[in-house]
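**Q** take this sequence and fold it.
(chains A and B)
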Amino acid sequence: KNEVEQSPQNLTAQEGEFITINCSYSVGISALHWLQQHPGGGIVSLFMLSSGKKKHGRLIATINIQEKHSSLHITASHPRDSAVYICAGPLADTDKLIFGTGTRLQVFP
Amino acid sequence: DGGITQSPKYLFRKEGQNVTLSCEQNLNHDAMYWYRQDPGQGLRLIYYSQIVNDFQKGDIAEGYSVSREKKESFPLTVTSAQKNPTAFYLCASRQTGALNQPQHFGDGTRLSIL
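**A** The predicted model follows:
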């Protein structure tokens, strides 16, 4: 069992739909990162959060530390949101990031 | 603009050859990392360095070597001892000294065996 699990693994949506990607973890982490990986492979950091909720444009990330669960929401999805979304967390008191396997999102016009 | 530059984007290697992947950052970050990404798996840590002239093995260091002679550079050598080197390799850096600083990633190098 992976220490960081994401669901779903693959997701397709029509433009405009509301998207939710979930991340659950079984290890102690101090914060959770949401990353976006585009088809070319480069990774961009979207959010880092240790409590509550953060919003950036159409993206919203929430985390419940007690339940060890985080969600990434995309409102009014657009084809340019098509990418792999990865959650990751640093193990407490270490420099090591533990990564989920990613959720591949495809948004069709 | 500050960032991480990985080169080349695509790399081909003959069996039995060593090959070196370049990673340069101008973010003045202390820590640098190398990850390997395989289909269906999360990124796995190969090596990391928190300071110049020091580095530690990650989870899958066998068959790889690194050096950190300069703060801005952290090259990764894939040696002939790495039996399955075909993968996507990502370099990252992070500023240490403050809690939960995010890692910044390069665009990756895709290595294939001929």
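
**Q** what about residue 20, neighbour count?
**A** You didn't pick a chain, so chain A it is. Residues lying near residue A:20 (other CB atoms under 10 Å in any protein chain shown) number 14. The C-beta positions use only the backbone N, C-alpha and C, and glycine is treated the same way.

**Q** hm, I was asking about chain B
**A** That count, for residue B:20 with other CB under 10 Å as the rule, works out to 13.

**Q** check which residues of the helix or strand in which it is found are buried.
**A** Using DSSP states H and E, the element containing residue B:20 is strand B:19-25. Across strand B:19-25, burial judged by 16 or more other CB atoms under 10 Å in any protein chain shown covers B:19, B:21-25.

**Q** ditto for stretch B:93-102
**A** Residues B:93-94, B:101-102 are the ones in stretch B:93-102 that count as buried (16+ other CB under 10 Å).

**Q** ok, those vs chain A, which is closest?
**A** Of all the buried residues of stretch B:93-102, chain A sits closest to residue B:102, with 4.6 Å by CB to the nearest CB.

**Q** can you check the pLDDT for the closest one?
**A** Listed pLDDT for residue B:102 reads 83.

**Q** need the contact list for residue B:38.
**A** For residue B:38, the contacting residues are B:44, B:87-88, by CB atoms under 8 Å, 6 or more residues apart in numbering or on different chains.

**Q** about what we covered before: could you check the angle strand B:19-25 makes with the first helix or strand past the strand holding residue B:20 going along the chain?
**A** The helix or strand immediately downstream of strand B:19-25 is strand B:31-37, counting by DSSP H and E. Calculated by axes from the mean of the first three to the mean of the last three CA atoms, to 10 degrees, strand B:31-37 forms an angle of 130 degrees with strand B:19-25.

**Q** wait, what's in contact with residue 51?
**A** Looking at chain A here, since you left the chain open. Counting by CB under 8 Å, 6+ apart, residue A:51 touches A:63, A:65.

**Q** try chain B instead
**A** When contacts are counted by CB under 8 Å, 6+ apart, residue B:51 touches B:30-31, B:68.

**Q** in the sheet, who's paired with it?
**A** In this entry, residue B:51 is beta-bridged to residue B:54, by DSSP bridges.

**Q** please name the nearest non-neighbouring residue to residue B:88.
**A** Distances taken as CB to CB, 6 or more residues apart in numbering or on different chains place residue B:37 nearest to residue B:88, at 4.4 Å, with adjacent residues excluded.

**Q** same question, residue A:4
**A** Leaving aside its sequence neighbours, residue A:4 sits nearest to residue A:100 (CB to CB, 6+ apart; 4.2 Å).
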